[in-house]
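Asks: Give me the fold of what follows.
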Amino acid sequence: MTQIVPASSNPVPSTILLVDDNPGILYSTSKILTNHQFQITTAKSAAEAMKAVKSHYFDLILCDINMPGRSGLQFLNDLRQFDPTIASVVITANGTVSMAIEAMKCGVLGFVTKPFSEAELLESVNAALIQARLVRETLQMEIYTPMLESLCKALINTMEAVEDSSTGSSQLVAEYSQALAAELGLMPEQVYQIYLAGLFHDIGKIGVNDSIVAKADKLTPEEEKEMQKHPELGARIIEQAPGMEEAARIVRYHHEWYDGKGYPTGLAGENIPLGSRVVAVADVFEELTSNRVYSPALSRNEALAEMLKFSGTQFDPVILGAAAKLFSS
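Replies: Numbers count the residues shown, from 1 in each chain. Below is the predicted model of the structure:
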């Protein structure tokens, strides 16, 4: 097994395992890819390639079909069982429809037919790398988002324990936000991101002094300034998780006002992310309809009547109208 490291300033080059029993193909293909800032490892057989895969991570496998011993397709089938997230591209001199079908069953993302040009090789490699990245990001979101949700729920419970009267409020804001987003006819992925933002909208309060969070009296200007940091802090907490970037953006701006007099940046109207405008309505509705140390709960209709006084100033009129229709009793 030979490793060729490019003389590149790119700190994170994509790694490619090139598998072919032809030394000439290995040399010429490696040279092309190395010149284009890829880090190349070569293997002359399926057995050698599998050994490499088990000891190193590769972004892409570029594999010949016809090799002595285990064929390229047999290797790629083994590879799929070992790690289905690794992208693969097949090199072949005599591709057939049946071979292409078998290759796709093994998860192959592209084909390069011998003899190939430099442009054809790079096009197939880059397309496969892009597609593989999307697959990995989807898997990461499926794996890490529930983990993050569980972790943040624990943090939210801890935070709400400080503010005794708000226990369970974040879950309610999430549910109200989800229902309102669905009422507005948003796409399922948008609805889910808004739900997550509603759940985590106050997570940034864990970075605010407990005495301020738990205070029943009106905050001083200095305390108010400190409290206004929580949307930005919350966004920073959750934006590190794969797939949570949009939820973080919603959290960051959920205290903006429709007339531009909110915080943290004074955005106005439709410059405020739609999800943030939805969570803003759900957040205040939940607060007004729940018992707090500083105010008793209002009925749903009383809360909506109070909020309608701020239509076009604090709240988006369209979203507030949808809330009045959805939440009135």
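
Asks: what residue lies at the spatial centre of the chain?
Replies: The residue at the geometric middle of the chain, judged as the C-alpha nearest the mean C-alpha position with CA atoms, centre = their mean, is Gly243 (0.9 Å).

Asks: Confirm that that residue sits in a strand.
Replies: No: the assignment for Gly243, made by DSSP: H, G, I helix; E, B strand; the rest coil, is coil rather than a strand.

Asks: Relative to Leu109, how far out is it?
Replies: Here Gly243 is placed at a distance of 21 Å from Leu109 (CB to CB, to the nearest Å). In this view, the C-beta of every residue, glycine as well, is placed from N, C-alpha and C.

Asks: Check Asp316 too.
Replies: 43 Å.

Asks: Please tell me I have it right and Phe111 contacts Gly72.
Replies: No: with the criterion set as CB atoms under 8 Å, Phe111 and Gly72 do not qualify as a contacting pair; they are 11.5 Å apart.

Asks: all strands for the stretch 51-200 of the chain, in order.
Replies: Counting by DSSP state E, counting those that start in this stretch, the stretch 51-200 of the chain has these strands, from start to end: 60-64, 87-92, 110-113.

Asks: Among these, which comes closest to Leu233?
Replies: Of all those, it is strand 87-92 that lies closest to Leu233, at 37.1 Å by CB to CB.

Asks: Give me the helices and strands touching the closest one, please.
Replies: Judged by 3 or more CB pairs under 8 Å, 6 or more residues apart in numbering; DSSP states H and E, strand 87-92 is in contact with strand 60-64, helix 72-82, strand 110-113, helix 118-162.

Asks: Least confident of these, on average?
Replies: When those are compared on average pLDDT, helix 118-162 comes out lowest at a mean of 67.

Asks: Quick one: the helices in the protein, in order.
Replies: 23-35, 46-55, 72-82, 97-105, 118-162, 169-183, 188-200, 210-213, 221-227, 230-238, 245-252, 274-288, 300-308, 317-327 (DSSP state H).

Asks: Quick one: residues in contact with the last one.
Replies: Residues lying outside helix 317-327 but in contact with it, judged by CB atoms under 8 Å, 6 or more residues apart in numbering, are 176, 179-180, 183-184, 258, 277-278, 281-282, 285, 300, 304, 307-308, 311.
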